[in-house]
Structure formats: structure tokens, C-alpha cells
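[1] Pasting a predicted model and its sequence here:
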Amino acid sequence: VQLQASGGGLVQAGGSLRLSCVASGSIASIYVMGWYRQAPGKQRELVATITSSGSTNYADSVKGRFTISRDNAKNTVYLQMNSLKAEDTAVYYCHIRVGVLGAYGYWGQGTLVTVSS
């Protein structure tokens, strides 16, 4: 299983970016898809997740600004990020869980998002 993330870059505060992550390989079904981020000197933290049925979960810090979505036919998860703040600067990683009740997890390589103030 491989995850390829894209869409990161440099944006001014208040701007928007859209991240994408495509999963490929021997995948029968993806239980949960999500995004995590890790800022310099900090631990990796949850940003948002979405289940195969479309249920979503967001970190409090991004609620109302970020939207996670997925295209099951394309094994792709998206993260629309609006009203970006300097504190959103981080490497963003996509993550999926596959298998029965999501028993197996896989990480993407990360994409850097830099928000200038």
C-alpha cells in the first residue's frame, strides 16, 4: 500500500490550500482516511478523519476552517483548508486504516504547508 500526498505549499495567512492523498496497492476497502500534521518541535496531531460512510471528526483548532472529504472510487482523501493561520504551518501526513475494522494503518510521506503571517 502506498499513499501519495500533494497540494502543500506556501500561502499567506487567510488563504486556502487543498491537499490530496491517493492510496494505491492491494486495498480491498479503506475503513478510515485522515490527515495529521506535525509542526517543528511538536508531536504529530490529528487534523481530521473521515470514515467509509462519510462520518467526520475534526481537531478543535481546525473546525469551521478545514473540510475533509473522500472519493471512495478513487481511494483519495482531500483536505480543503481555508482561513489558514500561521499556526497551521506543519508537515501534513495522510493516513489510512484498512482491513476488518481498520486493523492496519499506513502513512503517506507528508506534504509541507507553510503559512506566512
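    Noted; the coordinates are in hand.

[2] where's residue 73 relative to residue 36, distance?
    24 Å (CB to CB, to the nearest Å). To be clear about C-beta, it is placed using only N, CA and C from the backbone, and glycine gets the same treatment.

[3] A helix includes residue 84, no?
    No: using DSSP: H, G, I helix; E, B strand; the rest coil, the assignment for residue 84 is coil, not a helix.

[4] Tell me the spatial nearest neighbour of it, not counting adjacent residues.
    residue 115 (4.6 Å; CB to CB, 6 or more residues apart in numbering).

[5] For the strand or helix carrying that neighbour, buried residues please.
    Taking DSSP states H and E as the criterion, residue 115 maps to strand 111-116. For strand 111-116, burial by neighbour count (16 or more other CB atoms under 10 Å) applies to 111, 113, 115.

[6] give me every residue that touches residue 102.
    31, 32 (CB atoms under 8 Å, 6 or more residues apart in numbering).

[7] Check the gap between it and residue 7 for me.
    In this view, residue 102 and residue 7 are 24 Å apart by CB to CB.

[8] per-residue pLDDT, the residue most central in space within the chain?
    The centroid of the chain falls nearest to residue 35 when counting by CA atoms, centre = their mean (2.4 Å). At residue 35, the predicted lDDT confidence score is 98.

[9] Now name the helix or strand holding it.
    For residue 35, the host element (DSSP H and E) is strand 30-38.

[10] buried ones in that strand?
    By neighbour count on 16+ other CB under 10 Å, the buried set for strand 30-38 is 30, 31, 32, 33, 34, 35, 36, 37.

[11] cool, stretch 86-103 as well?
    Buried residues in stretch 86-103, counted by 16+ other CB under 10 Å: 88, 89, 90, 91, 92, 93, 94, 95, 96, 97, 98.

[12] residues in contact with stretch 54-68?
    Stretch 54-68 has contacts (CB under 8 Å, 6+ apart) with 33-35, 45-50, 70, 77-84, 87-88.

[13] Please pick the buried ones from those residues.
    Buried by 16+ other CB under 10 Å: 33-35, 47-50, 70, 77-79, 81, 84, 88, out of the contacts of stretch 54-68.
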